[in-house]
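Asks: take a look and give me a structure for this.
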Amino acid sequence: MYSNLQLAGKYIRYILSSLNGKGHGMHSPFVFQFILHVLNNRSGYEAPATVEALRTELQHDQRLLDIEDFGAGSRTAARKKRHVAELAKTALKPKRYAQLLFRLVKHYRPQTVLELGTSLGVTTAYLASANPAASVTTIEGSEAIAAVAGENFAKLGLKNVRQRVGNFDNVLPSLLAETRSLDLVYIDGNHRFEPTLAYFQQVLPLVHNDSILVFDDIHWSAEMEKAWAAIRQHPAVHCTVDIFFLGFVFFRNEFKEKQHFTIRF
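Replies: Numbers count the residues shown, from 1 in each chain. Got it, this is the predicted structure:
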């Protein structure tokens, strides 16, 4: 993991080198529409206020959880005690990015969504509420955290979320074996080179022309940057968009040559 100072330096370089976030000069029609409707919300997609209200509630929840923590790449769980409020303040995707994922689903309407890393379920709720007709499957390593997430899904009335609990390495293969295809995959967990690349390779047989993969924290560490570089170079990947804290992968055949964009968000 990079230090805060290192990450800040990388973010400044990203800002200075990234393309204009309004889409000016973008020659790819697909990426231009992505910028307009997903990054900039030209369509006016409005996320439900109930999800952010839940985030606020969780930030004041003093329940103490006994958590199985697999860490970055660990196969054996250590145990930690953490308050729900602490997790809500440090582990949840910020509103700006969680609502971006809401718009992604709202715009492209994926029917099968897979999330690796449920946490307390706030981002999952955005994914599920953006398209109630979609089937959203989410995997969380900790039983205690997954239980709180399940309470949150019930509180929000989300009927299209299916939870799986356990180490990704154990749960993902059997889950994929019973899945026909994947329209959207959000990978937010186990931020190391080998696991990240392994998850990419495992879901790859189930993607299609319109599938979208989203990777969290692609510049969080040297290992994540190495994983992101390897994913970009894969022959099946035709286009990527880097907004620093998230990386988007597209497989669309309309891209006759690889195109990689770094866009200010």
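
Asks: was I right about Lys106 contacting Ala130?
Replies: Yes: taking Cβ atoms under 8 Å as the definition, Lys106 is a contact partner of Ala130 at 4.4 Å. C-betas here are computed from N, CA, C, even on glycine.

Asks: what touches both of the two?
Replies: Counting by Cβ atoms under 8 Å, 6 or more residues apart in numbering, the shared contacts of Lys106 and Ala130 are Tyr45.

Asks: between these two, which has more neighbouring residues?
Replies: Set Lys106 next to Ala130 and count neighbours by other Cβ atoms under 10 Å: Ala130 wins out with 24 against 20.

Asks: not counting residues beside it along the chain, what's closest to that one?
Replies: Nearest residue to Ala130, sequence neighbours excluded (Cβ to Cβ, 6 or more residues apart in numbering): Val105, at 3.6 Å.

Asks: and if you look at Thr196?
Replies: Nearest residue to Thr196, sequence neighbours excluded (Cβ to Cβ, 6+ apart): Ala227, at 4.0 Å.

Asks: list the buried residues for the helix or strand hosting the one you found?
Replies: Using DSSP states H and E, Ala227 sits in helix 222-233. Using 16 or more other Cβ atoms under 10 Å as the test for burial, helix 222-233 gives Glu223, Met224, Ala227, Trp228, Ile231, Arg232.

Asks: next: stretch 18-26.
Replies: Residues of stretch 18-26 classed as buried: Ser18, Leu19, Gly23, Met26 (neighbour count, 16+ other Cβ under 10 Å).

Asks: please apply the same query to stretch 210-225.
Replies: Going by neighbour count (16+ other Cβ under 10 Å), the buried part of stretch 210-225 is 211-221, 223-224.

Asks: same question, stretch 190-202
Replies: By neighbour count with 16+ other Cβ under 10 Å, stretch 190-202 contains the buried residues Asn190, His191, Arg192, Phe193, Pro195, Thr196, Leu197, Ala198, Tyr199, Phe200, Gln202.

Asks: rewinding a little: lowest-confidence entry in the buried residues of stretch 18-26?
Replies: Lowest pLDDT among the buried residues of stretch 18-26: Gly23, with 81.

Asks: excluding chain neighbours, what is closest to that residue?
Replies: Distance criterion Cβ to Cβ, 6+ apart; nearest residue to Gly23, sequence neighbours excluded, is Ile35 at 4.1 Å.
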